[in-house]
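[1] Whatever this is, show me its structure:
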Amino acid sequence: MNIYSSISDLLFTFPLVNSWPEMYSLLQRVTAAEPRDWQLPVIGCQAVGGTAAQAIPAAAAIACLQISIVLIDDMLDADPRGEHYQIGAAATANLAAAFQALGLEVIAQCPTLPANAKLSILHHLNQMALSTACGQYLDTQNLVDEAGYWRLVQTKSAPFFATALQIGALSALAADEMHTAVQLRQFGELYGEMIQIHDDLSDAMAQPANTDWLLGRSPLPILFAKLVPHPEQSQFLALCDAITQPGALAEAQTILIRCGAVSYCLDELLSRYEKAKNLMSHMPLVYEDGLTALLNMLIKPVQQLLHTVDAPGEWAAH
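    Take a look at the predicted model:
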């Protein structure tokens, strides 16, 4: 079955989606891009012995919640690709609220889910939405210490991935097997942290300067270079203040490598990879290939980078 077609077919059964041109158009465009994260509930469901068909309502809910999150994130980041530049901030804010509500309604109206599973899935989706909103707020505060960074990751990034896998499992598990869904959530939290670190590395090393540089935010490698004592720290801080000047970005990115910031991030990724693999070994999984593929997608580039970057330095942001 085509997961994306099944998701869109389900969402287009809601009359409001079809009667709201901007909502209909956006859903079509995003679905056509086949976002990888929409597969997570299916992976979670299959891991415990369920079928892809059982996970479609959960996948549709995650699709809606992710669209809502991205719409808001793009506005907060002033991302030039954001929908708000096409239809305006007010219309985009309304769409974000509508997609969040639609994600919950998909579960509430699902005829195949038992009542207890519906209640549990709705609870976890609401908790995820609440946590993510807090994380989006924290992200606008330009947090500048280690504790703040990890709090941001644990509120904004990890809950989405953890919830996506967990509600996929809840779509198939019997009531007396809920412990496995909790373990999948823990796996998802580790995976979500890995995603965030991976994205931070990509954003910090991207050219031209990512919005993190331009808005003075501190993803993990930049935070490391700002806080951990190293010979080029003063120069790095000066470059951050003048990042739009010719050559400043390239020199700052070179310092990220020389000071150990990139290596530190790679070490954090590898640490979580080992924890996730160990967690998998203790789960009564029926099908683990999907989970393994998630980890491999992130860890293979890390293993390649380790051949070109020095051994990780010590995190000393205290």
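[2] can you tell me how far Val153 sits from Arg258?
    25 Å (C-beta to C-beta, to the nearest Å). C-beta coordinates here come from the backbone N, C-alpha and C atoms, glycine included.
[3] neighbour count winner among these two?
    Higher neighbour count among Val153 and Arg258: Val153, with 21 against 16, using other C-beta atoms under 10 Å.
[4] Excluding residues flanking it in the chain, which one is nearest the more buried one?
    Closest residue to Val153 apart from its sequence neighbours, by C-beta to C-beta, 6 or more residues apart in numbering: Gln196 at 4.9 Å.
[5] In three-state terms, label the one you found for me.
    Three-state assignment for Gln196 (DSSP: H, G, I helix; E, B strand; the rest coil): helix.
[6] Could you list the low-confidence segments of this structure?
    Within the chain, the set of residues satisfying pLDDT under 70 comprises 174-176, 303-318.
[7] Can you tell me the element Gly135 falls in?
    Gly135 belongs to helix 115-139 when assigned by DSSP states H and E.
[8] counting contacts, what elements does that helix pack onto?
    Judged by 3 or more C-beta pairs under 8 Å, 6 or more residues apart in numbering; DSSP states H and E, helix 115-139 is in contact with helix 52-77, helix 89-108, helix 146-152, helix 158-170.
[9] distance between the second one and the chain's centre?
    With C-alpha atoms, centre = their mean, to the nearest Å as the basis, the distance from the averaged C-alpha position of helix 89-108 to the chain average is 19 Å.
[10] That one to helix 115-139, inter-axis angle?
    150 degrees (axes from the mean of the first three to the mean of the last three C-alpha atoms, to 10 degrees).
[11] One more: the longest one?
    Angle, helix 52-77 to helix 115-139, by the same axes, to 10 degrees: 20 degrees.
[12] other SSEs contacting helix 52-77?
    With contacts taken as 3+ C-beta pairs under 8 Å, 6+ apart, helix 52-77 sits against helix 3-11, helix 21-32, helix 40-47, helix 84-87, helix 89-108, helix 115-139, helix 158-170.
[13] Check which residues of it are buried.
    Neighbour counts over helix 52-77 (16 or more other C-beta atoms under 10 Å) mark 52, 54-75, 77 as buried.
[14] Give me the phi and psi angles of Thr140.
    Here is the backbone geometry of Thr140 (degrees, to the nearest 10): phi -80, psi -10.
[15] What residues does Phe237 make contact with?
    No, residue 237 isn't Phe; it's Leu. Applying C-beta atoms under 8 Å, 6 or more residues apart in numbering, one finds that Leu237 lies in contact with Lys226.
[16] The same query, at a cut-off of 10 Å, please.
    Taking C-beta atoms under 10 Å, 6 or more residues apart in numbering as the criterion, Leu237 is in contact with Ala225, Lys226, Ala252.
[17] If you rank the residues you listed by neighbours, which is first?
    Tallying neighbours with other C-beta under 10 Å puts Ala225 at the head of the contacts of Leu237, with 28 neighbours.
[18] now for the helix or strand where that residue lies, which elements pack on it?
    Element membership of Ala225 [criterion: DSSP H and E] is helix 220-227. Contacts defined by 3 or more C-beta pairs under 10 Å, 6 or more residues apart in numbering; DSSP states H and E place helix 220-227 against helix 146-152, helix 178-205, helix 211-214, helix 233-241, helix 248-258, helix 261-281.
[19] can you count the residues close to the closest residue to Ala59 other than its chain neighbours?
    Nearest in space to Ala59, with sequence neighbours left out and distances taken as C-beta to C-beta, 6+ apart, is Pro41 at 4.3 Å. The number of residues packed near Pro41 is 33, by other C-beta under 10 Å.
[20] and what of Gln141?
    Residue neighbour count, defined by other C-beta under 10 Å, stands at 10 for Gln141.
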